[in-house]
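Chemist: Mind folding the following:
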Amino acid sequence: DNWPSVVFAMAGGIVLSVANLSTQYAWALVGLSVVEVVSASIAVVIGTTLNYFLDGRINKAEILFPGVGCFLIAVFIGAAVHKSNAADNKAKLSSLSNDPEEQANGTEGEPGFGTAEYLVQLEEKRSIKV
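Modeler: Numbers count the residues shown, from 1 in each chain. All right, here's what the predicted structure looks like:
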């Protein structure tokens with residue numbers, strides 16, 4: 001009697017499970033600061049667009065879609081920031097010596113924040129290695 005609603009709910013559960021799994025992999029690859037902005041913005045954009053077309057009685061496109069546009073802009077800004085940070089980290093790590101003796105004879109104590117040595121030390125502490 002109510003099978004279309006049941007199938008629609010099951011499909012939504014499958015999509016939610018796949019999205020949750022992909023979010024966990026994204027956290028391991030790019031970090032929490034990027035993933036939260038991108039995933040929340042995409043969820044708002046998709047959810048708002050679907051709800052607009054599913055229930056057209058109370059929606060006003062002139063109010064709704066400028067907000068959706070702001071979320072899309074946030075996705076692109078988040079991606080650009082991540083690309084910039086990744087390029088910066090790659091440049092820092094390329095200047096790091098691969099010689100273990102040279103690294104052992106370096107300065108004692110904690111490495112400075114943002115340096116190549118700091119990035120290597122941080123990567124060694126991560127629980128998920130990528």
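Chemist: How much space separates the most centrally placed residue in the chain from residue 65?
Modeler: The residue lying closest to the centre of the chain (Cα atoms, centre = their mean) is residue 35, at 1.6 Å. Distance, residue 35 to residue 65, by Cβ to Cβ, to the nearest Å: 25 Å. (Each C-beta comes from the backbone N, C-alpha and C, glycine too.)
Chemist: same deal with residue 55?
Modeler: 15 Å.
Chemist: Looking at these two, which one has more neighbours?
Modeler: residue 65 (16 against 9; other Cβ atoms under 10 Å).
Chemist: The closest residue to residue 61 other than its chain neighbours: neighbouring residues, count only.
Modeler: In this structure, residue 61 finds its nearest non-sequential neighbour in residue 52, 7.1 Å apart by Cβ to Cβ, 6 or more residues apart in numbering. Per other Cβ under 10 Å, the neighbour tally for residue 52 reads 16.
Chemist: element containing residue 52, please.
Modeler: In this assignment (DSSP states H and E), residue 52 forms part of helix 32-54.
Chemist: Now find how far off-centre that helix is within its chain.
Modeler: Taking Cα atoms, centre = their mean, to the nearest Å, the mean C-alpha location of helix 32-54 is offset from the chain mean by 12 Å.
Chemist: Quick one: residues in contact with it.
Modeler: If you take Cβ atoms under 8 Å, 6 or more residues apart in numbering as the criterion, helix 32-54 is touched by 19, 23, 26-27, 59, 61, 64, 67-68, 71-72, 74-75, 78-79, 81-82.
Chemist: 6 Å - rerun?
Modeler: Under the contact criterion Cβ atoms under 6 Å, 6 or more residues apart in numbering, helix 32-54 has outside partners 23, 26, 27, 59, 68, 71, 74, 75, 78, 82.
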